[in-house]
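Chemist: give the three-dimensional model of this entry:
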Amino acid sequence: MEIPASAKLLIIPVGDDPAGYVKIDCISVKNAAKTLRAINHTLRQRVIRLLAENGKMNVTDIYIQLRLTSRWLHSN
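Modeler: Numbers count the residues shown, from 1 in each chain. The predicted structure follows:
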């Protein structure tokens, strides 16, 4: 579904200067909100922290480090 051009960019005037304005890319804001919602989960945050500390890891090592079972992962 194509989003109308007028909905993609929000222009907000700043002060009394007609040349002063702030452009907000609505698509970027929406994508950022989706990303923040996705990482607003304790397990995902733990995985991100683990990868930041250890670098590249395979799934088995992540399971072991976080003491997870495959049954738990499939239920969430």
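Chemist: what secondary structure does the spatially most central residue of the chain sit in?
Modeler: For the chain, Thr35 is the residue whose C-alpha lies nearest the centre (CA atoms, centre = their mean; 1.4 Å). When classified by DSSP: H, G, I helix; E, B strand; the rest coil, Thr35 comes out as helix.
Chemist: let me know the pLDDT of it.
Modeler: pLDDT recorded at Thr35 is 94.
Chemist: distance of it relative to Val29?
Modeler: To Val29, Thr35 is 11 Å away according to CB to CB, to the nearest Å. For every residue, glycine as well, the C-beta is placed using N, CA and C.
Chemist: so who does the residue nearest to the centre of the chain touch?
Modeler: Applying CB atoms under 8 Å, 6 or more residues apart in numbering, we find Thr35 in contact with no residue.
Chemist: any idea how far Arg46 is from it?
Modeler: From Thr35 across to Arg46, the span is 17 Å (CB to CB).
Chemist: what of Asp61?
Modeler: 13 Å.
Chemist: please, which helix or strand holds Gly22?
Modeler: No, residue 22 isn't Gly; it's Val. Element membership for Val22 (DSSP states H and E) is strand 21-25.
Chemist: partners of that strand in the sheet?
Modeler: strand 9-13 (antiparallel) (DSSP bridges).
Chemist: list the contacts of the partner strand.
Modeler: Gly20, Tyr21, Val22, Lys23, Ile24, Asp25, Cys26.
Chemist: likewise stretch 36-56?
Modeler: Residues outside stretch 36-56 that contact it (CB under 8 Å, 6+ apart): Met57, Asp61, Ile62, Gln65, Leu66, Asn76.
Chemist: nice, that's everything, thank you.
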